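Asks: build the 3D model from these lines:
(3 chains)
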Amino acid sequence: MWWIKGATLVDPASGVKAQRDVLVQGENILAVSEHFSEQEVGALANGEKLETVNGEGKYLFPGLIDVHTHLREPGQEDKEDIASGAAAAVHGGFTTILAMANTTPPLDNRALVEFVLSQEQRAGLARVYPFGTVTKGMKGEELVEMLDLAEGGAIGFSDDGRNIQNSERFRLALEYAKLTGLPIVSHSEDVNLAQGGIMHQGEHAARLGLKGIPASAEAVMVARDLLLAAETGGNLHLAHISSKESVALIRAAKARGVKVSAEVNPHHLIFCDEDLTLTSTSLKVNPPLRSAADREALLEGLNDGTIDLIATDHAPHTWEEKARPLAEAPFGITGLETALAAVWQHLVVPGRLSIERLVQAWSTAPAQRFNLLGGSVKPGMPADLVLFDPNWRERIESETLYSKAQNTPFLGQELQGFPIWVWVGGNAVLQERRVVAR
Amino acid sequence: MSGLEGNLKSKIMDGDGMRRALTRIAHEIVEKNKGTEEVVLIGIRRRGVPLAERIREQIEAFEADALPLGILDITLYRDDLSMIAVQPVVHESNVPFSVEGKVVILVDDVLFTGRTARAALDATMDLGRPKKIQLAVLVDRGHRELPIRADYVGKNVPTSSREIISVCVQEIDGADEVLLLEMETDK
Amino acid sequence: MWQHKDLLGLERLTSAEIEHILRTAKPMKEILMRPVKKLPTLRGKAVFNLFYEASTRTRTSFETAAKVLGADTASIAVAQSSVSKGETLLDTARTLEAMRPDLVVVRHQASGAAEFLANHLKAGVINAGDGQHEHPTQALLDLFTMWEKLGDLAGKKVVIVGDVLHSRVARSNVWGLTKLGVEVVLIGPPTLLPDEMRVLGVECRHDLDRALPGADVVMALRLQLERQQAGLFPSLREYSRAYGLTSERLKRTGKPTLVMHPGPMNRGVEISSELANSPRAVIEEQVTNGVAVRMALIYLLTGGTAHVVD
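Replies: Numbers count the residues shown, from 1 in each chain, chains lettered A, B, ... in the order given. Below is the predicted model of the structure:
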């Protein structure tokens, strides 16, 4: 049994932001109270071994849930695998992660989805739920066997990494997926507008001589996806929204009553196109870092609920792949191990994002949106918990990262505010910043 | 050699001395070449240039013919380029006549190791094939590192390796004089 | 005076550094005009040309410049090397480094490739064109040509017309010219000169004829004919009518304007044949000056036992 004492519990699902003691027994949360006495705890433990963690001066969050990660297994295990991705997740405060389907081969059949789940069991750290693709081979043509994939454990469907350009096919996917009740996650990008682009189209790209990806490359497809979601009543989630135009479209659609959810990546909230140089491949990401005005609109959207949740889009690549000229390096930023600290330092500490909204957008809302257990700290719920130390400082170094990849713009930088203890299903998988396998 | 830091030990030549030395060199050039018919002067940047100009004035004063005068920048012919961190500034050479079949008198201020003269010889020969090349210097201070000698010498000054010869000319330095300096030891 | 290990672009040079290069190029040109075009200056130095894009003229210009200065040269062209077998630029750089070059001249299709290489090589790097980013030696030879013809460039007006968006030549020229106090006007259709190009800090306009009065220099950029298929302009005929340079059109400058082109020219498209052949066009002199400027740069960058790393 675990007794987490004296931390400030932040649980938007139960409207709590106050000092609480939390008791964990077995896989679940046993009790939450303002204060437990030794006698009370002793009675509840009933002879079971009791371990106490002092949470004073720290925050206790429901385990964070990252709905957008690329774990690269099967097929690209040189970049990441499920075990290293799951370790990176708990090291960064995530108890549940959703794995995208653009592996090699893509997760377009039940056997592959079940393979990912078996690898998750073997790793035994964070909970990993795979997406299935929307179309076979992610070719944007024939639909996958959605019912079969759903039975096999797919959490939703996404061709993330590519966009389904054929609007009719996307419409049919939204219709057919209703059979499963699972969402379709759209990587909204018009490939013709984005073709060959390296970074956000704007003055900074013009200065560097890099081909731009206009904001319209995203917004055009967001508009299409919203119209199709409205028309079909389909279950749509928009991945990695990056532009102010998209935020405005989503806000208007929600006001009309369209059922849709959207996510934003931490790097789009922290950086902008002006941070790119000709050699900063760790900032090369798709959708690209947009203008400072876009960044402001995203934060505003996150704060007013237009954007429902935060997700990392953890996209690991090998060092060699990123050690290239910017134009030739692959898109992607890792996030699992740095995102929480970075958002804390860049947005929460300056008062631009409240702690409650942070937890809501990264735990409560993802759990609700993807029908996952967790996302709140209540008796009887699985004990997925994060003890967060706002004063813990750490330098991001390749040696201390659990991910196989190090394509993070924070490499070599010190960040403040890290998870120090993480429990997944009652198991303390992160103890004093060290990942401990079950 | 001018522009180096050092403590003044003695003045080797003043303006008059310099003028007399250059006059003698001018006469020797005419005498040795039996006139000036095929003679051209080339001054080695920087202080060889005003010295060559003065030699030309002297010669023209007693020989009627106008004497061609060229300017040679030998930076690109130096053999120590890879030993210095920042490349020296290259200036233009201006030799507005053919050296083919001519007697070229190279003029420089000081003859020391002979490396500058060697570079000037190479540079001159890249301009064409002169009949002869002769070397005129205001001061020969010894310490040769190459088998090179001057045909015309204003003054021989035996020096130690710690000494510096500084030739100053009116056009560049504001005064005509030749100084012997002692290198500062604790530098 | 010159403290850089590499020459990657003009954006980061000071006007004093640019002027120093131009002044060094002048004696180099004098040497180039001699009957014996060979110096012992860089004897024993190795200059490698690493060209990922075919460019006979630029590569030959660098080779000539290096050879006049007495350096040894080696050219690595993509088609005949392991580059086409998928070797990364980094591995190529490491292989090159092992051969101990003093200077590597690189042309690459990716913006930033030269900087990338410079960061990974001890040898100096000269950018001979990286993607759409910069082509500093071309701009320097253009500046040198203008400086020779016009003297002090401050206050002069230079019109650059054509596919500015995709032109590393235009970008480098803008940086160089503005640093020397030149008024630059960029001209092209909106598809090839989008609004964001104003970030370069110069006037951007779409009407060539209205920009010509008072121009001391007009520079036509090479039009890649593939841009038509990509939908950036409808036809060569229409492009040429709006943006092609002709003697007739040039009368609008009201001056004996210099006509420049980085080559190779599409005669009859961006420049009429008769204008290209006229004495106003200094296109061949640009080529000669290109060798002189590259000699200056090779000289400045290969100095010293230890390179000064900036």
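Asks: tell me the SS of the closest residue in space to A:F170 that isn't next to it in sequence?
Replies: Closest residue to A:F170 apart from its sequence neighbours, by CB to CB, 6 or more residues apart in numbering or on different chains: A:I164 at 4.5 Å. To be clear about C-beta, it is placed using only N, CA and C from the backbone, and glycine gets the same treatment. With DSSP: H, G, I helix; E, B strand; the rest coil as the basis, the three-state label of A:I164 is coil.
Asks: wait, A:I164 sits on A:L172?
Replies: No: if you go by CB atoms under 8 Å, A:I164 and A:L172 don't touch, sitting 9.7 Å apart.
Asks: who has more neighbours, the two?
Replies: A:I164 (24 against 17; other CB atoms under 10 Å in any protein chain shown).
Asks: and the pLDDT for the more buried one?
Replies: Per-residue confidence (pLDDT) for A:I164: 95.
Asks: what do you get for C:H133?
Replies: pLDDT at C:H133 comes out at 96.
Asks: just C:V217 next, same as before
Replies: For C:V217, the predicted pLDDT is 98.
Asks: state the helix or strand in which the closest residue to chain C within the stretch 1-150 of chain A lies.
Replies: Nearest residue of the stretch 1-150 of chain A to chain C: A:D78, at 14.4 Å (CB to the nearest CB). In this structure, A:D78 is located outside every helix and strand according to DSSP states H and E.
Asks: what about B:K131, neighbour count?
Replies: 11.
Asks: contacts only, for it.
Replies: Counting by CB atoms under 8 Å, 6 or more residues apart in numbering or on different chains, B:K131 makes contact with B:E38, B:G101, B:K102, B:V103.
Asks: quick one: low-confidence ranges for the stretch 201-310 of chain C?
Replies: Along the stretch 201-310 of chain C, the model assigns pLDDT under 70 to residues C:304-310.
Asks: quick one: the strands in it?
Replies: C:203-205, C:217-220, C:258-260 (DSSP state E, counting those that start in this stretch).
Asks: for chain A, which of those is the nearest?
Replies: Using CB to the nearest CB, those put strand C:203-205 closest to chain A, at 10.2 Å.
Asks: distance between the closest one and the chain's centre?
Replies: In this view, strand C:203-205 has its centroid 21 Å away from the chain centroid, taken as CA atoms, centre = their mean, to the nearest Å.
Asks: grab the nearest non-local neighbour of whichever residue of the stretch 51-200 of chain C sits closest to chain B.
Replies: Relative to chain B, the nearest point of the stretch 51-200 of chain C is C:L69 (7.4 Å; CB to the nearest CB). The shortest distance from C:L69 to any non-neighbouring residue, by CB to CB, 6+ apart, is to C:L42 (4.4 Å).
Asks: just A:E245 next, same as before
Replies: That would be A:A219: by CB to CB, 6+ apart, it lies 3.8 Å from A:E245.
Asks: list the contacts for C:P190?
Replies: Contact partners of C:P190, counting by CB under 8 Å, 6+ apart, are C:H206.
Asks: sorry, back to before: out of the contacts of B:K131, which is nearest to A:A323?
Replies: B:K102 (59.6 Å; CB to CB).
Asks: all helices for chain B, in order.
Replies: Counting by DSSP state H, chain B has helices at residues B:15-32, B:48-62, B:115-125, B:170-173.
Asks: how about those helices in TSV, adding mean pLDDT, distance to chain C and mean neighbour count?
Replies: Below are the helices of chain B laid out as TSV (pLDDT from 0 to 100; distance: least, CB to the nearest CB, whole Å; neighbours: other CB atoms under 10 Å in any protein chain shown):
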stretch	mean pLDDT	distance to chain C	mean neighbour count
helix B:15-32	95	26	17
helix B:48-62	94	15	20
helix B:115-125	94	6	20
helix B:170-173	92	19	14
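Asks: out of those helices, which is closest to C:D6?
Replies: Nearest of those (CB to CB): helix B:115-125, 28.5 Å.
Asks: now that closest one and helix B:48-62, what's the angle there?
Replies: 70 degrees (axes from the mean of the first three to the mean of the last three CA atoms, to 10 degrees).
Asks: what is the nearest of the contacts of B:K131 to chain A?
Replies: Using CB to the nearest CB, B:K102 comes nearest to chain A of those, at 53.1 Å.
Asks: buried ones among the contacts of B:K131?
Replies: Listed as buried from these are B:K102, B:V103; burial here means 16 or more other CB atoms under 10 Å in any protein chain shown.
Asks: ok, which pair from the contacts of B:K131 is furthest apart?
Replies: B:G101 and B:V103 (8.9 Å).
Asks: give the residues shared as contacts by the two.
Replies: Counting by CB under 8 Å, 6+ apart, the residues touching both B:G101 and B:V103 are B:E38, B:P130, B:K131.
Asks: quick check, the residue in chain C closest to chain A?
Replies: Here chain C gets closest to chain A at one residue, C:G112, 3.0 Å apart by CB to the nearest CB.
Asks: in three-state terms, label the closest residue to that residue other than its chain neighbours for me.
Replies: Among residues not flanking C:G112 along the chain, A:L278 sits closest, at 3.0 Å (CB to CB, 6+ apart). Three-state call for A:L278 (three-state DSSP): coil.
Asks: got a list of what A:L278 touches?
Replies: So A:L278 contacts A:L208, A:L210, A:P325, A:L326, C:S111, C:G112, C:E115, C:F116, C:H133 (CB under 8 Å, 6+ apart).
Asks: can you flag which of the residues you listed belong to helices?
Replies: Those of those lying in helices (DSSP H): A:L208, C:E115, C:F116.
Asks: of those residues, which is the nearest to A:R110?
Replies: C:F116 (43.7 Å).
Asks: what parts of chain C come near chain B?
Replies: C:1-3, C:20, C:23-24, C:26-28, C:30-31, C:34-36, C:38-42, C:44-45, C:69, C:296, C:299-300, C:302-306, C:308 (CB under 8 Å from any CB of the partner chain).
Asks: PyMOL command to pick out the buried ones of those?
Replies: Here is the PyMOL command that selects only those of those that count as buried (16+ other CB under 10 Å):
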select buried, chain C and resi 2+20+23+24+26+27+28+30+31+39+40+41+42+45+69+296+299+300+302+303+304
